[in-house]
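J.: have a look at this prediction, sequence included:
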Amino acid sequence: MQWRSIVVGLLVLRVLLNCAVWLVFGLGPSWGFDLINPIKFTFNLHKIELLQDGDRATVKTNAWLQHMYDNRNPQAKTCSKNSGNSPKKSYLSFFQEGRDEYDRKYSSFPDALKVKMKGMARDMFYFGYDNYMKFAFPEDELNPIVCEGRGPDVLNPSNININDVLGNYSLTLIDALDTLLVLGNVTEFHRAVKLVIDTVSFDKDSTVQVFEANIRILGSLISAHILLTDPRHPFGDIALKDYDNELLHLAHDLAIRLLPAFENTSTGIPYPRVNLKRGIPPDSINETCTAGAGSLLVEFGILSRLIGDSTFEWVARRAVKALWNLRSNETGLLGNVVNIQTGQWVGKQSGLGAGMDSFYEYLLKSYILFGEKEDYRMFSAAYESIQSHLRRGRAACNEGDGDPPLYVNVNMFNGQIMNTWIDSLQAFFPGLQVLNGDVENAICLHAFYYAIWKRFGALPERYNWQLQAPDILFYPLRPELVESTYLLYQATKNPFYLHVGMDILESLEKNTKVRCGYATLHHVVDKSKEDRMESFFLSETCKYLYLPYFYLRNYKHSQPSLLLFDEDNPLHRSESKYIFTTEGHVVPIDQRFREKNWEDQFPCEEPNNEPPANISNCERIPEERRYGLPLKSIYMRQIDHMVGLF
């Protein structure tokens with residue numbers, strides 16, 4: 001009998017330990033859905049199971065957990081924490097109610113509740129914006145806990161987490177310009193524009209990241225200028241008296257100050273950082289991430305087409321092509337960090353998150369804006385490689401055996417899994433899948449990220465899908481999941497996604513609101529906070545929460561259709577079509593952006609031999625022949641031109 005007591009005691013102890021692990025990592029119940037068709041679907045609470053309990057009798061080779069084990073060495077297999085005897089939890093299981101309960105809760109979203117949520121999103125924006133203007137302007141960011149402004153960390157130049165973004169140029173005010181128009185506040189928009197014109201200068205001894213300055217500052221200035229001068233007046237008559245294109249001149253000035261990043265690189269891939277007054281810092285590194293170097297084309301391209309100068313689009317497009325030509329011959333994948341002088345991949349990880357995300361996004365959105373077929377050919381090839389090598393799980397979202405889809409980080413050369421985490425930036429990808437017409441896969445991937453949000457009330461910066469626990473615990477108020485949520489609502493019209501938006505909004509109110517704004521979560525479990533409110537919270541997160549409907553762009557049709565349905569917003573009532581940059585800035589789909597009014601100035605020479613399919617004729621011409629002078633001379637010419645403007 002004594003041995004039976006010991007066995008029972010050990011079993012009880014094991015149960016208690018399992019419960020402790022369950023509580024520590026926040027493992028919860030799971031949910032799933034049943035896709036009926038790409039546009040309308042219903043949920044099936046019993047169908048999706050990411051990690052089935054116990055061993056399966058048969059395991060398909062497309063199961064991503066099986067791929068993980070197959071790609072690990074034998075010693076790693078013996079150390080696996082997910083052995084066949086371990087209970088396997090579903091990552092998509094937070095609905096405990098039955099089907100009837102689900103239908104009651106999620107099959108509708110009353111108009112009165114929609115109005116309430118818009119009001120909450122509007123109040124959220126103004127609570128952050130008004131406190132920034134009161135306590136922080138003209139500094140770059142608001143510290144919402146102590147109610148003070150934040151600028152570059154001049155005492156610690158190596159603090160790139162701050163100094164890459166903050167340039168001592170009223171970042172948050174500039175980044176929020178078009179959000180004021182989206183919210184319908186023309187009076188404050190005019191006041192903000194005048195403040196920018198009167199107070200902002202880029203003649204600063206500030207070293208900033210080219211990518212961040214481009215998407216946050218350059219993109220916002222261009223967007224605000226376009227909306228302010230749009231003859232179609234989508235927001236009504238918002239003409240600003242005596243406005244003389246000052247925002248466009250500021251954008252041009254900033255772009256000129258970013259041009260030195262493209263000089264003296266053997267590949268055409270730009271340096272990651274530039275000093276706005278002095279050019280490339282003497283201690284600059286020769287390594288940059290793929291997203292940072294390859295996500296300049298939208299803003300630079302629009303600027304070139306607005307001012308009739310091909311310089312900016314050309315250098316940005318040359319960087320994209322340089323990266324594209326370095327992809328693996330075997331997999332078609334790119335790495336995440338490259339040496340700009342040698343073209344060697346320093347980081348061989350290929351994924352959808354940090355260091356890669358907006359590169360793919362801008363291939364597609366550049367095609368939307370400029371109509372360049374080569375941009376979409378590159379995107380299509382990249383998307384095929386992603387589906388072939390990054391996607392794990394069964395072939396269909398909700399049919400067949402095996403695990404539901406997940407996109408993992410792999411080695412760019414052989415497609416083998418490099419680690420077992422994904423990051424929160426990857427939550428943008430379901431929205432991109434919607435734009436590409438792949439709604440089914442978008443639904444599955446979005447569900448994965450929303451399940452994590454439900455568990456923690458936020459997205460941890462990194463999440464380990466093997467351990468089903470965060471690897472990096474902070475959440476800086478990122479917008480990617482919100483954007484994908486509304487794109488999916490646009491695609492499916494399923495009220496479920498309005499409930500997701502409401503859940504995210506209420507979580508932010510509960511977990512991140514502080515004395516003077518909304519603070520970064522330092523720890524998504526204990527909800528401790530960091531004293532920082534990044535500018536994208538106002539430019540993106542609040543904007544996406546306010547707009548309950550977004551656009552659908554389906555490239556599977558020969559004629560694109562871009563639809564905006566929110567009758568409460570001027571953007572959606574307008575006959576115009578719009579898209580959002582990676583920083584959430586509004587840009588119209590306009591015929592003038594599909595015309596190159598500089599072609600007469602810089603005619604394209606026809607080479608004797610037919611160029612490869614992925615290189616246009618113009619891009620085969622050396623820059624000296626194409627422009628008649630070296631790139632550095634072009635930069636100096638631009639500076640001379642700007643002196644005349646001011």
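T.: It's in.
J.: average pLDDT across the one helix or strand Trp453 maps to?
T.: Per DSSP states H and E, Trp453 falls inside helix 439-456. The predicted model assigns helix 439-456 a mean pLDDT of 93.
J.: show me the contact partners of the helix or strand that that helix is followed by.
T.: Using DSSP H and E, the helix or strand that directly follows helix 439-456 along the chain is strand 462-464. Strand 462-464 is contacted from outside by Thr420, Trp421, Ile422, Asp423, Ser424, Ile452, Ala469, Pro470, Asp471, Ile472, using Cβ atoms under 8 Å, 6 or more residues apart in numbering. To be clear about C-beta, it is placed using only N, CA and C from the backbone, and glycine gets the same treatment.
J.: could you dump the residues you listed to a markdown table with distance to Glu530?
T.: Output for the contacts of strand 462-464, formatted as a markdown table (distance: Cβ to Cβ, whole Å):
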| residue | distance to Glu530 |
| --- | --- |
| Thr420 | 26 |
| Trp421 | 21 |
| Ile422 | 22 |
| Asp423 | 18 |
| Ser424 | 15 |
| Ile452 | 20 |
| Ala469 | 21 |
| Pro470 | 16 |
| Asp471 | 18 |
| Ile472 | 13 |
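J.: can you give me the helices in the stretch 251-400 of the chain?
T.: Listed from the start of the chain, the stretch 251-400 of the chain has helices (DSSP state H, counting those that start in this stretch) covering 290-294, 297-307, 311-324, 357-370, 373-389.
J.: to Met533, which of these lies closest?
T.: Closest to Met533 of those is helix 357-370 (Cβ to Cβ; 21.7 Å).
J.: how far off helix 373-389 does that closest one point, in degrees?
T.: Going by axes from the mean of the first three to the mean of the last three Cα atoms, to 10 degrees, helix 357-370 is angled at 150 degrees with respect to helix 373-389.
J.: how far off centre is helix 357-370?
T.: Mean-position distance between helix 357-370 and its chain equals 12 Å (Cα atoms, centre = their mean, to the nearest Å).
J.: cool, and stretch 140-160?
T.: Using Cα atoms, centre = their mean, the offset of stretch 140-160 from its chain centre is 23 Å.
J.: mind checking the end-to-end distance for it?
T.: 15 Å (Cα to Cα, to the nearest Å).
J.: buried stuff in that stretch?
T.: For stretch 140-160, burial by neighbour count (16 or more other Cβ atoms under 10 Å) applies to Asp140, Glu141, Leu142, Asn143, Pro144, Ile145, Cys147, Gly149, Arg150, Gly151, Pro152.
J.: which residues touch the first one?
T.: For Asp140, the residues meeting the contact criterion (Cβ under 8 Å, 6+ apart) are 149-152, 165-172, 535.
J.: likewise for the third one?
T.: For Leu142, the contacting residues are Gly128, Asn131, Tyr132, Phe135, Ala136, Glu148, Gly149, Arg150, Thr172, Cys516, Gly517, Met533, taking Cβ under 8 Å, 6+ apart as the criterion.
J.: need the buried residues of stretch 140-160 in JSON lines with distance to Gln209 and pLDDT, can you?
T.: Shown next, in JSON lines, are the buried residues of stretch 140-160 (distance: Cβ to Cβ, whole Å; pLDDT from 0 to 100):
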{"residue": "Asp140", "distance to Gln209": "13", "pLDDT": "98"}
{"residue": "Glu141", "distance to Gln209": "15", "pLDDT": "98"}
{"residue": "Leu142", "distance to Gln209": "20", "pLDDT": "98"}
{"residue": "Asn143", "distance to Gln209": "21", "pLDDT": "98"}
{"residue": "Pro144", "distance to Gln209": "23", "pLDDT": "98"}
{"residue": "Ile145", "distance to Gln209": "25", "pLDDT": "98"}
{"residue": "Cys147", "distance to Gln209": "27", "pLDDT": "98"}
{"residue": "Gly149", "distance to Gln209": "20", "pLDDT": "98"}
{"residue": "Arg150", "distance to Gln209": "16", "pLDDT": "97"}
{"residue": "Gly151", "distance to Gln209": "15", "pLDDT": "97"}
{"residue": "Pro152", "distance to Gln209": "12", "pLDDT": "96"}
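J.: just the residues you listed: which are in helices?
T.: Using DSSP state H, the subset of the buried residues of stretch 140-160 located in helices is empty.
J.: put together JSON lines for the residues you listed, with distance to Phe456 on each row.
T.: Formatted as JSON lines, those follow (distance: Cβ to Cβ, whole Å):
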{"residue": "Asp140", "distance to Phe456": "29"}
{"residue": "Glu141", "distance to Phe456": "24"}
{"residue": "Leu142", "distance to Phe456": "24"}
{"residue": "Asn143", "distance to Phe456": "24"}
{"residue": "Pro144", "distance to Phe456": "21"}
{"residue": "Ile145", "distance to Phe456": "21"}
{"residue": "Cys147", "distance to Phe456": "27"}
{"residue": "Gly149", "distance to Phe456": "30"}
{"residue": "Arg150", "distance to Phe456": "26"}
{"residue": "Gly151", "distance to Phe456": "31"}
{"residue": "Pro152", "distance to Phe456": "31"}
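J.: lowest-confidence helix or strand of the chain?
T.: In the chain, the helix or strand scored least confidently by mean pLDDT, DSSP states H and E is helix 74-78, which has a mean of 32.
J.: picking that back up, just the buried subset of the contacts of strand 462-464, written out for PyMOL, thanks.
T.: Of those, the buried ones go into a single PyMOL selection, burial set by 16+ other Cβ under 10 Å:
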select buried, resi 420+421+422+423+424+452+469+470+471
